[in-house]
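*Asks:* Mind folding the following:
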Amino acid sequence: MIKPQMRKTATLLSLMIAISILSVCCRQLTTTSASEAESATPINSRDYCPAIHALIKNAKLNIRIMAYQTFFYTDFPDSDSNLFIKELGEARKRGVQVWVLLETSNWDENVEAQNKEYGKRLEAEGVTVFFDKFDITSHQKVAIVDDYATVVASNNWSHYSLWQNNEVAVIAWSAPVAKAFSDYMNERLIEAGHQPLPPTSAVKKVDAKKLGYKTYPAQQMIPIPNREYFPKVHEAFQNAQKRIRVLQRTAQYYTILPSYSQKELKPGEPVSQMNTLLKDLIEAKKRNVDVQVVLDAEMRKRKSTGDWKVDTANEDFAMRLLAGDVAVFYDSLETQTHAKMVMVDDWVVVGSTNWTHNAIEQGNEASIMIQSKELAQVYYQYFEDRKKEGIPVTPETDLNAMKNKMEQEDKQ
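*Replies:* Residues are numbered from 1 along each chain as shown. Predicted coordinates for the structure are as follows:
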């Protein structure tokens, strides 16, 4: 016979177990629901600018922007980057809080002057403007609206970037992603000696469906700013099963540390993490992973002088990949590919991060890693389109020789 006290204890224990199980189930349900609610919308190339207009115009409570390069065009008052200023000012008049963080440059006087001018015009519209730490390049391109919609992009706010270059960007419809990049913005503000922005939690928010955007479900969304980029991409390359695609504005291999580097090499450490990424691609190819890379290589005639310009910055990286049996292509020689994109199986990485020492190991950059089979397919197609516009790289491909040939043809 069970004594009353023992029965009471057993009942209490059973209740505690039941509550514990229910609590675990609720956490799992919450996690699953949050994951299902997260989605993304690709806004590549010409789709980026209309998206920024729409998000600003429909913002309900707050807008945070981090930009590297912003242009105001006096001679073209209706240019889109000019209109962004007007629209942000109109958002302020609606009661929307607007904060903008701009780059100040210790090496590019043009960027410095352009952003100062743009900042003054924003302030005249009632926007709160901050500038980053002078001796650090803040190359991120991020817009966060209503603590929910986060645009992570390769786009600058210039005419070429908005309407001519090949660019990649994505809208992450996710409160946790918005929170992560808002925290990142606060880190940059503190780094520059400013006070962090107050925490916000928008009760009203922009709605993807009301804006007419198709969304793709995401299993995972991982912000990878600054030093978080390399380990995640490195790990993804090592674990690749079927395919890898890389579309890059700039990819460099280093035999020595650049003069601006703050790094102290340890014994046996690679000179640069870019060298490791190149090795990762070659090793993946050896495992029979389908690896393809498209790199920017501009060759165009200057309208002002008639001279031909060629950009060979990626030539060394391309030839090293080719030596490792990796398929390499140059993009359309007439259009700059300013995109920074990596795809590994069902993962997509989009953002501002070039494959340079400063970008990956020192500067401020913002990228996002998204797992989504449906979204990945969109970016794979974007990659294929850029590849078709370009040319395959062979050991005989010589960009300078191609430029010389064009110059000779002009003289005939």
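*Asks:* Grab the most central residue of this structure for me.
*Replies:* Central residue of the chain (Cα atoms, centre = their mean): G351, 0.8 Å from the mean position.
*Asks:* what's near enough to touch the residue nearest to that one when sequence neighbours are not counted?
*Replies:* Of all residues not flanking G351 in the chain, S367 sits nearest, at 2.6 Å (Cβ to Cβ, 6 or more residues apart in numbering). From N, CA and C alone the C-beta is placed, and that goes for glycine too. For S367, the contact set (Cβ atoms under 8 Å, 6 or more residues apart in numbering) comprises V152, P223, I224, P225, Y229, K340, V349, V350, G351, S352, T353.
*Asks:* Which of the residues you listed fall in helices?
*Replies:* Y229 (DSSP state H).
*Asks:* so of the contacts of S367, which ones are in strands?
*Replies:* V152, P223, K340, V349, V350, G351 (DSSP state E).
*Asks:* quick one: secondary structure of the residue nearest to the fourth one when sequence neighbours are not counted?
*Replies:* Yep, that's V349 we're talking about. Beyond its immediate neighbours in the sequence, the residue positioned closest to V349 (Cβ to Cβ, 6+ apart) is V342, lying 4.0 Å away. Following DSSP: H, G, I helix; E, B strand; the rest coil, the label given to V342 is strand.
*Asks:* Y160 against E298, yeah?
*Replies:* No. The pair Y160 and E298 does not pass the contact test of Cβ atoms under 8 Å, sitting 11.4 Å apart.
*Asks:* So which of these two has more stuff around it?
*Replies:* E298 (18 against 13; other Cβ atoms under 10 Å).
*Asks:* Quickly note the distance from that one to D183.
*Replies:* 37 Å (Cβ to Cβ, to the nearest Å).
*Asks:* quick revisit: got a pLDDT number for the residue nearest to V349?
*Replies:* Note on V342: pLDDT of 98.
*Asks:* Any idea what it is bridged to?
*Replies:* Beta-bridge partners of V342, counted by DSSP bridges, are V246, V349.
*Asks:* what about it, neighbour count?
*Replies:* 26.
*Asks:* Neighbours of the spatially closest residue to A313 that is not a sequence neighbour, how many?
*Replies:* Spatial nearest neighbour of A313, chain neighbours left out: T250 (6.0 Å); criterion: Cβ to Cβ, 6+ apart. Here the number of neighbours of T250 (other Cβ under 10 Å) works out to 18.
*Asks:* Now do the contacts for T250.
*Replies:* Counted by Cβ under 8 Å, 6+ apart, T250 has contacts D296, A313, N314, N354, W355, T356, A359.
*Asks:* Y260 against N358, yeah?
*Replies:* Yes. The pair formed by Y260 and N358 meets the contact definition of Cβ under 8 Å, at 6.7 Å.
*Asks:* Looking at these two, which has the bigger crowd around it?
*Replies:* N358 (18 against 10).
*Asks:* re earlier: what does the pLDDT read for the residue nearest to G351?
*Replies:* 98.
*Asks:* now K301
*Replies:* 80.
*Asks:* Nearest residue to it in space, ignoring adjacent ones along the chain?
*Replies:* Nearest one to K301, counting by Cβ to Cβ, 6+ apart, is W308 at 5.4 Å.
*Asks:* For L55, give me its contacts.
*Replies:* Taking Cβ under 8 Å, 6+ apart, one finds I63, A143, V145, A149, V151, I171, V206, L211 in contact with L55.
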